[in-house]
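sequence below, structure please.
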Amino acid sequence: MDWKYEKGRIYSVDENNELMAETTFVFKKSDVIDINRTYVHPELRGQGLAGKLMGLVAEYLRENSLKATASCPYANTWLKRNRESYSDIISEEL
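A predicted model of the protein is given here:
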């Protein structure tokens, strides 16, 4: 997939510009974001794409010295499940 990065958003669209996958986040503090949405197009669900997207978010956080909380249920569960591998990007608020 061709991933695009915008302020508060990582996403991918298909050749028809239809949204295929997306994670959005907002800044709670200057160094803490809240991941508030994770979306995968119904045709692509069940293929591990949401987990891959969260991995991209984790890389983005590391590169930008940020930490995350998550009001999105999927992102919250993913961060907790992967706490050991990503402890450096998980906020104490999670």
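
do I have it right that Ile33 meets Asn64?
No. Judged on CB atoms under 8 Å, Ile33 makes no contact with Asn64 at a distance of 9.3 Å. C-beta: built from backbone N, CA, C; applies to glycine.

the two: which is more packed in?
A side-by-side neighbour count of Ile33 and Asn64, using other CB atoms under 10 Å, places Ile33 first with 23 against 10.

residues in contact with the residue nearest to that one when sequence neighbours are not counted?
Of all residues beyond its chain neighbours, the one nearest Ile33 is Phe25 (4.3 Å), with distances taken as CB to CB, 6 or more residues apart in numbering. Phe25 makes contacts with 8-9, 33-36, 57, 68, as judged by CB atoms under 8 Å, 6 or more residues apart in numbering.

quick one: which of these sit in helices?
Mapping these onto helices (DSSP state H) picks out Val57.

for the contacts of Phe25, work out which two are farthest apart.
Arg9 and Ala68 (14.2 Å; CB to CB).

quick check: pLDDT value at Glu92.
Listed pLDDT for Glu92 reads 89.

still on that earlier bit, out of the contacts of Phe25, which end up buried?
By neighbour count, with 16 or more other CB atoms under 10 Å, these hold 33-35, 57, 68 as buried.

what is the mean pLDDT for stretch 48-58?
Stretch 48-58 shows a mean pLDDT of 96.

and for Asn16, the neighbour number?
For Asn16, the count of nearby residues is 5 (other CB under 10 Å).

SS state for it?
Secondary structure for Asn16, judged by DSSP: H, G, I helix; E, B strand; the rest coil, is coil.

check the chain for me, the residue farthest from its geometric middle.
Within the chain, the residue lying farthest from the chain centre (CA atoms, centre = their mean) is Asn16, at 23.1 Å.

thank you, goodbye.
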